[in-house]
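>>> output the structure for:
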Amino acid sequence: MILTDTVNKKSPMSEIAKEAGISKSLLFHYFKNKKEFYLYLYSNVFTLMREIAADETAVTETDFFEIFLQSSKFKCKLLKLHVYSFRFMMNTFYEDDEEVARDLIGKNSDATNNSIIALLGIIDKNKFKDELDIAQLINIIGWCVEGFWKEKFRSPHLNMDEIDSGYEKIIDFFRKSTYKEEYLK
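From the prediction side, this is the model:
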């Protein structure tokens, strides 16, 4: 079992220390409580994901939906390479411990908002139908994709081909609904 899969509110620090192969006292030497340890893990896993994303992202792409498809392929790659870290990050979006959630909400919101701002800065907006609110479209797609990923994560056996196919169907639906006719060919 991987450490990020072990850390939850039901796991005592002694179990976490045992899984990490260290003493409980050493764990408490570095972290005063489980919340501090959890936030430390969050920060490190977030940094790992961001570094991998920087290596994988094609900054030359300007097609809105191709960027979303690249993002999906990137998430699938992360899931294959770092399954527990990826699951850990997904779980941070649904943290139900109020004290921890308060700290995570700002961090997750900042990351999401920064991604949206970056996306709005590079996409070719001329492909969209006139009067379309692209920022709102990003939110709607995000909600759909979030629900899709959440559903797939509940499955005991993740099927990457099924995830790719389902994600492509979502993106294709939005492409057909929002792009001008000349960009659908």
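>>> which parts of the helix or strand harbouring Ala54 count as buried, going by neighbours?
Using DSSP states H and E, Ala54 sits within helix 34-56. Of the residues in helix 34-56, Lys34, Phe37, Tyr38, Leu39, Leu41, Tyr42, Val45, Phe46, Met49, Ile52 count as buried by neighbour count, 16 or more other C-beta atoms under 10 Å. Placement of C-beta: from N, CA and C, glycine included.
>>> which one of those is nearest Asp110?
Phe46 (10.5 Å; C-beta to C-beta).
>>> in contact with the closest one, which residues?
When contacts are counted by C-beta atoms under 8 Å, 6 or more residues apart in numbering, Phe46 is found next to Met89, Lys107, Ala111.
>>> and the residues you listed, which are buried?
Judged by 16+ other C-beta under 10 Å, buried ones among the contacts of Phe46: Met89.
>>> which single one of the contacts of Phe46 is nearest to Asn126?
Ala111 (28.0 Å).
>>> what pLDDT does the closest residue to the closest one other than its chain neighbours get?
Leaving aside its chain neighbours, Ala111 sits nearest to Phe46 (7.3 Å; criterion: C-beta to C-beta, 6 or more residues apart in numbering). Phe46 carries a pLDDT value of 83.
>>> returning to what we had before: pLDDT and distance to Ile16 added to the contacts of Phe46, as a markdown table?
Below are the contacts of Phe46 laid out as a markdown table (pLDDT from 0 to 100; distance: C-beta to C-beta, whole Å):
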| residue | pLDDT | distance to Ile16 |
| --- | --- | --- |
| Met89 | 79 | 18 |
| Lys107 | 73 | 21 |
| Ala111 | 71 | 25 |
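>>> so which of the contacts of Phe46 are in helices?
Under the assignment DSSP state H, the contacts of Phe46 contribute Met89, Lys107, Ala111 to helices.
>>> can you list those residues in CSV and add distance to Lys127?
As requested, these are arranged in CSV below (distance: C-beta to C-beta, whole Å):
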residue, distance to Lys127
Met89, 31
Lys107, 32
Ala111, 26
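>>> can you give me the helices for the protein?
So, for the chain - with DSSP H - the helices run 3-6, 13-20, 24-30, 34-56, 64-81, 83-92, 98-122, 134-154, 160-178.
>>> next one: stretch 92-105 to chain centre, how far?
Centre-to-centre, stretch 92-105 and its host chain are 15 Å apart (C-alpha atoms, centre = their mean, to the nearest Å).
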